[in-house]
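J.: Turn this into a structure:
(2 chains)
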2 protein chains.
Amino acid sequence: MDRDVARTDSPSHISILPVTGIGEIIAESDLGGIIAEHSQLQDDDVVVVTQKVVSKAEGRVVPLDTSDPDAKKRLIESEARRILRRRGDLLITETHHGFICASSGVDLSNVEEGYAVLLPVDPDRSARRIRDRIRAACGASVGVVISDTFGRPWRNGLTDIAIGCAGISAIVDLRGTPDANGRVLVATEVCLVDELASAAELVMSKSSGIPAAIVRGLMSEKFRDSSIKDEVIRHPQADLFR
Amino acid sequence: MDRDVARTDSPSHISILPVTGIGEIIAESDLGGIIAEHSQLQDDDVVVVTQKVVSKAEGRVVPLDTSDPDAKKRLIESEARRILRRRGDLLITETHHGFICASSGVDLSNVEEGYAVLLPVDPDRSARRIRDRIRAACGASVGVVISDTFGRPWRNGLTDIAIGCAGISAIVDLRGTPDANGRVLVATEVCLVDELASAAELVMSKSSGIPAAIVRGLMSEKFRDSSIKDEVIRHPQADLFR
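T.: Take a look at the predicted model:
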């Protein structure tokens, strides 16, 4: 009986490591450099960074008059391509990127009173920049995932998903791979970056000020050029729920 | 400069460990006992088990005449409360449990030719049984998550989510927790068990025959009685997309 297989020294196990000590991120902060400085990155690590600090580093923070009840609504609408649902104060929108989420991703938590944080203009580009800065700072070739916390239909609770990525397969295509009985799997495409974002959230906390985590132990074959825009956002014509 | 924080010996890191050597699971297999035998479980581990082996252990395998093109369709309809969408051979249904997924969860992969695997009748009960069997076999008090691979609207690729759970918080409610600026978060409920299912998938593979994984390192406060049925399945009246 192979009782040793689940030991933490198993070569195939995965570790999720919080990156602590990052401190406050402001406009022009060198986020990739700061993450490299506060961790010991290795090739084929995946760095998951929350959208909030990416947006702050990119100056995507705007003043918001919280005493004007319509100000937030106008801001949400300006960040939206269209409104999908309204219920009371809740707006579900499709952002200019094609994400479907609450409030166009406009966020008032973990930001100074009187300001709102917007999503990065191009989160895949944000991920590529962080990846390049990390490589310049410490030499490690890593994958980068920008995560955000989204709701979803039919199920309660939010989960972290990927809104941008670089250097890591967004989708892993298992089509053509034989299953354990030798039958060829017909349609199993796994959204690896969403699973990485969710895994990283396990060591973060909305209130603890840990805005990044490292996922270590993925196989090298999972690392390649990729983007959320091209691989994960479903074309409206292919979508049964639009 | 706190360069040591992301080391794998950080007390707050999380490990995801594949459980290997489980072998073929058949009807009446003592799945909890087998998992306990092939791992070294500790209190406050989370055991994530894929639905396929849970269904097999519970005898939820039915003959299916794959030469009859309508046989699978009839089986899918019999497992459904209603059909949400049809496109070609693809049926998106609401199962009797209230899950919204492709083909009512009826699955022909990783099963003998001429048979189909159905979802467990009550996956939360399945999780409770596995949890009890593990405790009886090795004494460890663990959380259990039954995972399955679901698609979702608007985003390509599948991710693993939780269809049943026991002994672990399905939803972690951060409402009332102050954010890093001392402001109270208004509506952050995280679906912990879906994030655990996704994290566990990172060490499994559809074709490698690893049907279970251990997530180690969650804080004790995350462990409590809970169920997918009561906490995660959204009440139709609260759902904007039904």
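J.: Helix, strand, or coil at the residue lying closest to A:Asp30 once chain neighbours are set aside?
T.: Distances taken as CB to CB, 6 or more residues apart in numbering or on different chains place A:Arg133 nearest to A:Asp30, at 6.2 Å, with adjacent residues excluded. In this view, the C-beta of every residue, glycine as well, is placed from N, C-alpha and C. The three-state assignment at A:Arg133 reads helix, by DSSP: H, G, I helix; E, B strand; the rest coil.
J.: who touches A:Arg133 in this structure?
T.: Taking CB atoms under 8 Å, 6 or more residues apart in numbering or on different chains, we find A:Arg133 in contact with A:30-33, A:36.
J.: likewise A:Asp122?
T.: For A:Asp122, the contacting residues are A:97, A:164, taking CB under 8 Å, 6+ apart as the criterion.
J.: Please pick the buried ones from the contacts of A:Arg133.
T.: By neighbour count, with 16 or more other CB atoms under 10 Å in any protein chain shown, the contacts of A:Arg133 hold A:30-32, A:36 as buried.
J.: Relative to chain B, how far out is A:Ile76?
T.: Using CB to the nearest CB, to the nearest Å, one obtains 15 Å as the distance from A:Ile76 to chain B.
J.: same deal with A:Ile146?
T.: Counting by CB to the nearest CB, the gap between A:Ile146 and chain B amounts to 15 Å.
J.: Surely that residue is in contact with A:Pro120?
T.: Yes. In this structure, A:Ile146 is within contact of A:Pro120 by CB atoms under 8 Å, at 7.0 Å.
J.: Which pLDDT value does the model give the closest residue to A:Val142 other than its chain neighbours?
T.: On the basis of CB to CB, 6+ apart, the spatially nearest residue to A:Val142 that is not a chain neighbour turns out to be A:Asp45, at 4.7 Å. The pLDDT attached to A:Asp45 in the predicted structure is 98.
J.: Over to A:Asp9?
T.: At A:Asp9, the model reports a pLDDT of 37.
J.: for the residue positioned nearest the centre of chain A, helix, strand, or coil?
T.: A centroid search over chain A (CA atoms, centre = their mean) returns A:Ser147, at 1.7 Å, as the residue closest to the centre. Taking three-state DSSP as the rule, one finds A:Ser147 in the strand state.
J.: ok, for it, nearest residue in space, not its chain neighbours?
T.: A:Ala197 (3.8 Å).
J.: Quick one: classify the one you found as helix, strand or coil.
T.: When states are read from three-state DSSP, the local structure at A:Ala197 comes out as helix.
J.: so who does it touch?
T.: Residues in contact with A:Ala197, defined by CB under 8 Å, 6+ apart, are A:48, A:145, A:147-148, A:159-162.
J.: number of nearby residues for A:Lys72?
T.: The criterion is other CB atoms under 10 Å in any protein chain shown. On that basis, A:Lys72 has 18 neighbouring residues.
J.: name the helices or strands packed onto the helix or strand it falls within?
T.: Here A:Lys72, judged by DSSP states H and E, is contained in helix A:69-78. Counting by 3 or more CB pairs under 8 Å, 6 or more residues apart in numbering or on different chains; DSSP states H and E, the packing neighbours recorded for helix A:69-78 are strand A:90-95.
J.: switch to 7 Å and redo it
T.: The elements that helix A:69-78 packs onto, with contact taken as 3 or more CB pairs under 7 Å, 6 or more residues apart in numbering or on different chains; DSSP states H and E, do not include any helix or strand.
J.: List the strands paired with the helix or strand of chain A with the lowest mean pLDDT, with their directions.
T.: Lowest mean confidence among the helices and strands of chain A (mean pLDDT, DSSP states H and E): strand A:172-173, at a mean of 90. Neighbouring strands of strand A:172-173 in its sheet, by DSSP bridges, are strand A:189-190 (antiparallel).
J.: Give me the contact list for the strand it pairs with.
T.: Among residues not part of strand A:189-190, those counted as contacts by CB atoms under 7 Å, 6 or more residues apart in numbering or on different chains are A:171-175, B:156-158.
J.: Closest one of the contacts of A:Arg133 to chain B?
T.: Nearest to chain B out of the contacts of A:Arg133 is A:Ala36 (CB to the nearest CB; 9.8 Å).
J.: Name the nearest residue to that closest one, ignoring sequence neighbours.
T.: For A:Ala36, ignoring the flanking residues on the chain, the nearest one in space by CB to CB, 6+ apart is A:Ala137 at 3.8 Å.
J.: likewise A:Asp124?
T.: Counting by CB to CB, 6+ apart, the nearest residue to A:Asp124 once its immediate chain neighbours are dropped is A:Ser227, at 4.1 Å.
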